[in-house]
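Asks: Whatever this is, show me its structure:
(one chain, ligands or ions: 1)
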Amino acid sequence: MTRKVEAKNIRVSYKEMEALSDISFTLESRKIVGLIGRNGAGKTSLLSILAAYRKATSGEITIDGEPIFENEKAVAQVTFVHQTDYKDEYDTVIQFFELAERYRPGFDRKYAEQLAEIFQLPTNKPLRKLSTGMQSAFNVTIGLANKTPITIFDEAYQGMDAPARELFYKEILEEQARNPRLFILSTHLVSEMEYLFDEVLIIHKGKLIVQEEMDSLLQKGFSVTGAMEDVEEVASALNVLSEKQLGGTKSVMVYGELTAETEADVKRKGLEIGNVSLQDLFIQLTKEGN
Ligand SMILES: Nc1ncnc2c1ncn2[C@@H]1O[C@H](COP(=O)(O)OP(=O)(O)OP(=O)(O)O)[C@@H](O)[C@H]1O
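Replies: A predicted model of the protein is given here:
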């Protein structure tokens, strides 16, 4: 299921407020992409445009070169899982599976039933009577069982407890191994989900500030620790995101390429280079002032 998704100069305004400004990127299929950003950064706005739920104020999303908005064939390639209000939904889980089987050509009923068992969904209950976590598990079930080439989960885990979330992550990885596709997962649970991601997009205040393969992103973030004066000397040439000091020892978190020259200098001075997590990088990259 090879698909190429391109966002070209996406801008979204709600009246005078600009929620997304000039966002462009290309995503290749067979990847699990993490979309992270602080509250109000624009994640849902971006995902709803990627799924053609709404039109960008300007710019365009294409799948394999075809504009997606109001394009039935392109839209059928995408499943968008987001929080849904089921308070007026009298149909049961099983009735929903029947509908999905009738109207969604790729829907895998058998897999949906397996997932319902894994998540212990009460399949004969109307959706409005499921708990919040169960409703999310139902959404996740539909998202996985639809098996569309592009599957988007917008904070789909709301209300799901830790064991249920763990089952969800495991299913994504297993599905990706069985039926590779493009998964896009927006989340606030960065440390919990970072092991899933092949690639990461970070949006901040409506702007795309990072698009990187996970491995190279983690290589770009590193810490340097040691004697204060030596660390300060090395850090003066680096893009320092944060610093900590304890007595005469200082530690700085850096974002940027670690050149051979800097690495040699660090070694000469007896300083220590450490790894930083995606969560730490995300916090520092989106901190006021950075
Ligand atoms: N329908 C709307 N009308 C007006 N403003 C909106 C609308 N939807 C979103 N916004 C604004 O656009 C900005 C981006 O919102 P969006 O929901 O896309 O962010 P988000 O990253 O998904 O946030 P969160 O993580 O809190 O869910 C916010 O400032 C929000 O208040």
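Asks: Now do residue 22 against the ligand, distance only.
Replies: Distance from residue 22 to the ligand, counting by C-beta to the nearest ligand atom, to the nearest Å: 15 Å. (Each C-beta comes from the backbone N, C-alpha and C, glycine too.)
Asks: what sits against that residue?
Replies: Counting by C-beta atoms under 8 Å, 6 or more residues apart in numbering, residue 22 touches 9, 10, 11, 59, 207.
Asks: can you pull the contacts of the last one?
Replies: The one in question is residue 207. Here residue 207 is in contact with 21, 22, 23 (C-beta under 8 Å, 6+ apart).
Asks: quick one: the second one from residue 258, how far?
Replies: With the distance defined as C-beta to C-beta, to the nearest Å, residue 22 ends up 30 Å from residue 258.
Asks: again with the last one
Replies: According to C-beta to C-beta, residue 23 and residue 258 sit 28 Å apart.
Asks: Which residue ranges make up each domain of the protein?
Replies: For the chain, automatic domain parsing gives the domain ranges 4-205, 217-285.
Asks: Most tightly packed of those?
Replies: domain 4-205 (a mean of 17; mean count of other C-beta atoms under 10 Å).
Asks: near the ligand, which residues of the protein?
Replies: 14, 17, 19, 37, 39, 40, 41, 42, 43, 44, 45 (C-beta under 6 Å from any ligand atom).
Asks: Show me how far stretch 200-212 is from its chain's centre.
Replies: How far stretch 200-212 lies from its chain's middle: 11 Å, per C-alpha atoms, centre = their mean, to the nearest Å.
Asks: Repeat that for stretch 162-173.
Replies: The answer for stretch 162-173 is 15 Å, by C-alpha atoms, centre = their mean.
Asks: could I get the domains of the chain as a markdown table with mean pLDDT?
Replies: Putting the domains of the chain into a markdown table (pLDDT from 0 to 100) gives the following:
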| stretch | mean pLDDT |
| --- | --- |
| domain 4-205 | 95 |
| domain 217-285 | 93 |
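Asks: so which of those gets nearest residue 211?
Replies: domain 4-205 (5.2 Å; C-beta to C-beta).
Asks: how far does the closest one stretch from start to finish?
Replies: 26 Å (C-alpha to C-alpha, to the nearest Å).
Asks: swap in stretch 55-75?
Replies: End to end - C-alpha to C-alpha - stretch 55-75 spans 13 Å.
Asks: What of stretch 23-34?
Replies: From start residue to end residue, stretch 23-34 stretches across 16 Å - C-alpha to C-alpha.
Asks: Likewise for stretch 147-163?
Replies: Using C-alpha to C-alpha, the two ends of stretch 147-163 sit 23 Å apart.
Asks: Same check on stretch 57-74?
Replies: Termini of stretch 57-74 sit 20 Å apart (C-alpha to C-alpha).
Asks: With distance to residue 211 added, can I get the domains of the chain in TSV?
Replies: Output for those, formatted as TSV (distance: least, C-beta to C-beta, whole Å):
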stretch	distance to residue 211
domain 4-205	5
domain 217-285	9
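Asks: wait, residue 203 sits on residue 40?
Replies: No: judged on C-beta atoms under 8 Å, residue 203 makes no contact with residue 40 at a distance of 10.4 Å.
Asks: Show me the strands in the stretch 1-150 of the chain, by range?
Replies: 4-14, 17-28, 31-36, 58-63, 66-67, 78-81, 150-154 (DSSP state E, counting those that start in this stretch).
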